[in-house]
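Novice: Would you be able to build a 3D model of this:
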Amino acid sequence: MQGTLGSTIALGSLLLISACAKGGQEVQSQQPEKSTPPVKVEQRGRIIGIGGVFFKSANRDQMREWYSKHLGIADKGQGAMLPWREHDDPQKEHVTVWTVFSATSDYIPAGQPLMFNYIVDDMDALLDRLKQEGVKIDAKRMDESYGRFAWIYDLDGNKIELWQPAPAKP
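Specialist: Take a look at the predicted model:
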């Protein structure tokens, strides 16, 4: 399964033109009035998109067929590549990888049905900030030709994958 994931991410990274983002963006909560005010994000080390959605199924092949037939998401074993462009800079193309893993895969922790992969603009800056903020960070790192990977955990203990794509080659 590890080879399939590597191939999935590698294939997705081939579609990636750039992983840079400009400017800040306001994030607003859908919570009731008691929630904290919107946060203006301008520093490096932030999420710029969803790089992947990975989930488990006891019926992996049938699940792939269902999504292909009913929603048009075709995953023939290497993940479905969903390309998108940045709103503020349409020349910058990214890809979101959608993949069904077997129910026994250990890439997504046991008891966790899905995992998100977020594209980051500066892995080191983000991890430094998250460490200062007390976020649980996995010591494991992965550096591949298609980018750098790290993992963190949210308050419920859900594993989250962070991906800084390799710079586009001219």
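
Novice: Tell me which residue is most central in the protein.
Specialist: Computing the C-alpha centroid of the chain and ranking residues by Cα atoms, centre = their mean puts residue 117 first, at 1.8 Å.

Novice: Distance of the nearest residue to that one once chain neighbours are set aside relative to residue 88?
Specialist: Distance criterion Cβ to Cβ, 6 or more residues apart in numbering; nearest residue to residue 117, sequence neighbours excluded, is residue 52 at 3.3 Å. Where you see a C-beta, it was placed from the backbone N, CA and C, and this is true even at glycine. Distance, residue 52 to residue 88, by Cβ to Cβ, to the nearest Å: 22 Å.

Novice: Between those two, which has more neighbouring residues?
Specialist: Using other Cβ atoms under 10 Å as the criterion, residue 52 and residue 88 rank with residue 52 on top: 22 against 10.

Novice: what helix or strand is that one on?
Specialist: strand 47-57 (DSSP states H and E).

Novice: Check which helices and strands that strand sits against.
Specialist: helix 2-14, strand 93-102, strand 114-120, strand 159-165 (3 or more Cβ pairs under 8 Å, 6 or more residues apart in numbering; DSSP states H and E).

Novice: Please list the residues outside it that contact it.
Specialist: Residues outside strand 47-57 that contact it (Cβ atoms under 8 Å, 6 or more residues apart in numbering): 8-9, 12, 19, 21, 63, 79, 84, 86, 94-103, 105, 107-108, 113-121, 161, 163, 165.

Novice: Filter the residues you listed down to the buried ones.
Specialist: For the contacts of strand 47-57, a burial check counting by 16 or more other Cβ atoms under 10 Å picks out 8-9, 12, 19, 21, 79, 86, 94-102, 105, 107-108, 115-121, 161, 163, 165.

Novice: which residues does the residue nearest to residue 117 form a beta bridge with?
Specialist: Taking DSSP bridges as the rule, residue 52 bridges to residue 97, residue 117.

Novice: what's the span of stretch 91-109 from first residue to last?
Specialist: Separation of the first and last residues of stretch 91-109 by Cα to Cα, to the nearest Å is 36 Å.

Novice: Work out the gap between it and the centre of the chain.
Specialist: Here stretch 91-109 shows a centroid-to-chain-centroid distance of 8 Å under the convention Cα atoms, centre = their mean, to the nearest Å.
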